[in-house]
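Student: Show me the folded form of this:
(one chain, ligands or ions: 2)
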Amino acid sequence: MIEPDLTITSRSQLAEEVLRESGQEVNLCYQCRKCAAGCPISYAMDYKPAQLIHAIRLGMDDIVFNSKTVWLCSSCETCTTRCPQEVDVAKVMDAVKIITLRRGIKPTIPRVSSFHKAVLANVKKCGRMFEVGMMISLKLRTFEFFKDVGLGMKMFRKGKLKIIPSFKGARTTWRIFRRVKRIEKGNRSA
Ligand code: SF4
Ligand code: SF4
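Tutor: Ligands and ions are numbered 1, 2, ... in the order given. Next comes the predicted model:
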């Protein structure tokens with residue numbers, strides 16, 4: 001019997017970019033939809049995870065970048081563990097977010113992207129999460145100054161929020177950020 005040749009010979013430009021960014025081969029997907037069936041957020045998504053993977057395969061950039069799916073994804077990885085083809089769907093979602101920002105495309109849910117940026121900037125600066133600093137940074141990015149103020153006050157009264165950051169273990173985090181920067185620089189010049 002002749003073995004079928006399963007070598008992937010062509011990819012859409014977007015699938016190629018996703019592969020470079022995440023190491024994930026979306027062409028392995030055979031549309032069983034197990035990822036979509038297990039996704040706890042799929043009810044709110046305009047395109048289910050399996051549909052988004054298919055759109056990437058077909059190079060339908062307009063659908064992928066205009067969809068809210070990747071910005072709603074909570075990175076819970078249920079899809080990743082369910083995929084029989086071992087496509088790490090959660091990683092694909094992350095890759096699409098990175099590509100969206102790199103191409104200068106406005107995220108369909110800007111608040112989520114602002115949250116990611118605020119968290120990352122905060123951890124980079126303090127070495128770990130400093131909630132009050134992150135909240136201020138988020139509010140300055142979203143202009144939602146009064147949102148959740150009541151909840152914040154409640155947490156503050158219960159001693160859940162510190163007003164001074166702890167830089168404990170920060171050196172290790174700073175080292176990680178420096179290393180990632182070096183890797184990214186190397187990847188860009190390669
Ligand atoms: S990682 Fe995202 S797409 Fe996958 S199951 Fe969780 S929320 Fe859904
Ligand atoms: S579970 Fe895997 S193979 Fe099935 S549709 Fe999702 S990505 Fe494709």
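Student: tell me the average confidence for stretch 16-24?
Tutor: For stretch 16-24, the mean pLDDT works out to 95.
Student: Buried residues, it. List them.
Tutor: 17-19, 21-22, 24 (16 or more other CB atoms under 10 Å). All C-beta spots, glycine's among them, are computed from the backbone N, C-alpha and C.
Student: Give me the subset of those residues that lies in helices.
Tutor: Counting by DSSP state H, the part of the buried residues of stretch 16-24 found in helices is 17-19, 21-22.
Student: picking that back up, mind putting the buried residues of stretch 16-24 into JSON lines with distance to ligand 2?
Tutor: As requested, the buried residues of stretch 16-24 are arranged in JSON lines below (distance: CB to the nearest ligand atom, whole Å):
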{"residue": "17", "distance to ligand 2": "17"}
{"residue": "18", "distance to ligand 2": "12"}
{"residue": "19", "distance to ligand 2": "14"}
{"residue": "21", "distance to ligand 2": "16"}
{"residue": "22", "distance to ligand 2": "13"}
{"residue": "24", "distance to ligand 2": "9"}
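Student: Export those residues to JSON lines and append columns for distance to residue 163.
Tutor: Below are those laid out as JSON lines (distance: CB to CB, whole Å):
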{"residue": "17", "distance to residue 163": "43"}
{"residue": "18", "distance to residue 163": "42"}
{"residue": "19", "distance to residue 163": "45"}
{"residue": "21", "distance to residue 163": "38"}
{"residue": "22", "distance to residue 163": "38"}
{"residue": "24", "distance to residue 163": "42"}
